[in-house]
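Visitor: Sequence and computational prediction follow.
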Amino acid sequence: MLALILCLFLSSITAMIFCIVVNALSGLFVWRKILAAHPLQGTIILEPNQFRFESTTLKIQGEISIKSRLFGNSIWFYIKGFNANHWLIISANGVNEQSYVRLKRALFNAALK
């Protein structure tokens, strides 16, 4: 954001180009993080104390953390894995109603532990 603001007040063309490149790279980085956290397809497997998500590009396994949240029509799972932690965002529009209720129930069960 600072680079974008500086770009508006700088008079040198090289400084403006530098700011545009920095903004483009940071935007690309954020976009990739968003796509990684919100996959389009995959399979969720809920076990008593394990959560697994598998898609063609992403495999996550671990426990649902207490940091997980429910925001409007989406569930934000924070999965504590063996060697890495992951955010996984699941929208109510992406699953059927029964599956969404099961995911919410798993989130509430994790919060009670």
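Guide: Okay, I see it. Residues are numbered from 1 along each chain as shown.
Visitor: any idea how far the helix or strand where Leu28 lies is from the chain center?
Guide: Leu28 belongs to helix 13-37 when assigned by DSSP states H and E. Centroid separation between helix 13-37 and its chain, computed with CA atoms, centre = their mean, to the nearest Å, is 18 Å.
Visitor: Now it: average pLDDT?
Guide: Helix 13-37 carries an average pLDDT of 83.
Visitor: tell me what it is packed against?
Guide: On a contact count with 3 or more CB pairs under 8 Å, 6 or more residues apart in numbering; DSSP states H and E, helix 13-37 meets helix 2-9, strand 85-91. Where you see a C-beta, it was placed from the backbone N, CA and C, and this is true even at glycine.
Visitor: Pick out the shakiest of those, pLDDT-wise.
Guide: Of all these, helix 2-9 has the smallest average pLDDT, which comes to a mean of 65.
Visitor: and Ile64, bridged to which residues?
Guide: Beta bridges link Ile64 to Ile79, judged by DSSP bridges.
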